[in-house]
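just the structure for this:
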Amino acid sequence: MSGIREYNLQANSDTDREHQVQLELLDKLGKAIDSDQDSAAVCDLLGELIAYSEAHFASEELLMRMKSYDDFEAHQEDHFQMLEVLRHMSEQAVTGQLPLVAGKAQDALGFLEQHIATRDKRLADYVRHNL
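As a prediction, the model looks like this:
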């Protein structure tokens, strides 16, 4: 996570806070599964994470469009993939397949950390230098 901390030191406080919320929600999800919480609790956390991520990604995509960002499509594709994974996890949680959700939660955390450290860092640099 050092790359994320590095990025967050350079990014604006709103972006930092939004990424921190996403990471915290994923962490809570993992802890809920590890502590054998029921499917309903896991579904609630996933619903919150999905809703938050949709809003965060939409605001990033709007910013990218407003700034004519040159890597928009690839960045947007990451968002799409992340939301697909989260929605699939939610479907699995509803049907009680929590062990499958646990593994995907770790994968999603890794994917999000990588996304923040690379694509989001590049976007922040672009915005900062091309205002």
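
from here on, contacts and neighbour counts on C-alpha atoms
OK.

name the next helix or strand downstream of the helix-or-strand element of the chain with minimal mean pLDDT, please.
Least confident helix or strand of the chain, by mean pLDDT, DSSP states H and E, is helix 2-10 with a mean of 46. Once the chain leaves helix 2-10, the next helix or strand it forms, by DSSP states H and E, is helix 13-34.

what's the spacing between the helix or strand following that next one and its chain's center?
Downstream of helix 13-34, the first helix or strand assigned by DSSP H and E is helix 39-66. Centroid separation for helix 39-66 versus its chain: 7 Å, with CA atoms, centre = their mean, to the nearest Å.

buried residues in helix 39-66, which are they?
39, 42-43, 45-46, 49-50, 52-54, 56-57, 60-61, 64 (16 or more other CA atoms under 10 Å).

what stretches of this structure score poorly on pLDDT?
1-15, 131 (pLDDT under 70).

mind doing that once more with 50?
For the chain, residues meeting the criterion pLDDT under 50 lie at 1-11.

now do stretch 87-101: distance from first to last residue.
11 Å (CA to CA, to the nearest Å).
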